[in-house]
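*Asks:* A structural model of the following input is requested.
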Amino acid sequence: MNTNTRIIFQRLQGVESEIEKLRNTLFALKTTDIEKYGANYEALSTDAALRSERITCQLRNLVYINDFSGKNSYLKLAADAQGITISQEQEILSITLPGLLPKRKVRTNMAFLHEPLNYALQEYVKSHDLALYKDCVVCFSQIYDRTLSRQRVRDYDNLEFKQILDTIATYVLLDDTGLYCDSYHTTELGNADSTVVYIMEKSAFPDWVKAHKELLETTSEIP
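*Replies:* Numbering: from 1, shown residues only. Sure, this is the predicted structure:
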């Protein structure tokens, strides 16, 4: 057995072990009464989510083990699979991410999201004439699935925004310090969990936030 084959076999065994643990956690989740044992449900669901993210990163690394040059091709597929989209309208950039951002206190490997997002931004700026935002507002919109309990809505200061902002800033901001960049957070109800990041110059923010609130009131997406 050559070195690469042995390494791949060992890593696949590790992935199998993680999948078995994930399967056990999912079984425990199915048998947990969320009304009576909300804290247990949160702990189990967090463990399942983090474990699945580790599995994603482990499998992703196996794609690169023989041909690292194929990384970009894979990341394009990953960005598409996750539903990462980037668009710009009237000089307002919007970036849609798949799901809610994790809690800040939870130690998680953000590579599962960071790498495809980094690739998507890299490709977007290559094909679009996008000037760096120099005096801007970055708006994080946390969108919660309206069919689920509103008790899920979390405080903004408990969410991990920094890593996402760092990735975005590399491509579209002059700087993300307070001298150049203000932050704004909003919570909405929608058809599925997601996070949308809007970036605009400060001069555009008052009109944007007014129009955005009016739109949400019309579509009943504000809790």
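
*Asks:* buried stuff in stretch 152-172?
*Replies:* Buried residues in stretch 152-172, counting neighbours by 16 or more other CB atoms under 10 Å, are found at 159-161, 163-165, 167-169, 171-172. The way it works is simple: take the backbone N, C-alpha and C, and place the C-beta from them, glycine included.

*Asks:* report the buried residues of stretch 171-191.
*Replies:* 171-173, 176, 180-181, 186-190.

*Asks:* what's that stretch in contact with?
*Replies:* Under the criterion CB atoms under 8 Å, 6 or more residues apart in numbering, residues 93, 121-122, 124-125, 130, 132-146, 153, 156, 161, 165-166, 169, 199, 202, 205, 209, 212, 216, 220-223 lie in contact with stretch 171-191.

*Asks:* pLDDT on that stretch, on average?
*Replies:* The average pLDDT within stretch 171-191 is 89.

*Asks:* now do that stretch: distance to the chain's middle.
*Replies:* From the chain centre to the centre of stretch 171-191 is a distance of 14 Å (CA atoms, centre = their mean, to the nearest Å).

*Asks:* now the terminal residues of that stretch, how far apart.
*Replies:* 29 Å (CA to CA, to the nearest Å).

*Asks:* so what's the gap between stretch 117-133 and the chain middle?
*Replies:* That offset, for stretch 117-133, works out to 17 Å (CA atoms, centre = their mean).

*Asks:* who touches that stretch?
*Replies:* So stretch 117-133 is contacted by 72, 75-76, 78-79, 84, 86, 88, 93, 95, 97, 164, 167-168, 170-174, 181, 199-201 (CB under 8 Å, 6+ apart).

*Asks:* next step: these restricted to helices.
*Replies:* Here DSSP state H is the test, and the contacts of stretch 117-133 give 72, 75-76, 78-79, 164, 167-168, 170-172 as lying in helices.

*Asks:* from these, which one has the minimum pLDDT?
*Replies:* Within those, pLDDT is lowest for residue 72, at 75.

*Asks:* before we move on, back to that, from the contacts of stretch 171-191, which land in helices?
*Replies:* 121-122, 124-125, 165-166, 169, 205, 209, 212, 216.

*Asks:* using CSV, lay out the buried residues of stretch 152-172 together with distance to residue 111.
*Replies:* Conversion of the buried residues of stretch 152-172 to CSV gives the following (distance: CB to CB, whole Å):
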residue, distance to residue 111
159, 18
160, 13
161, 17
163, 10
164, 13
165, 16
167, 11
168, 16
169, 18
171, 17
172, 21
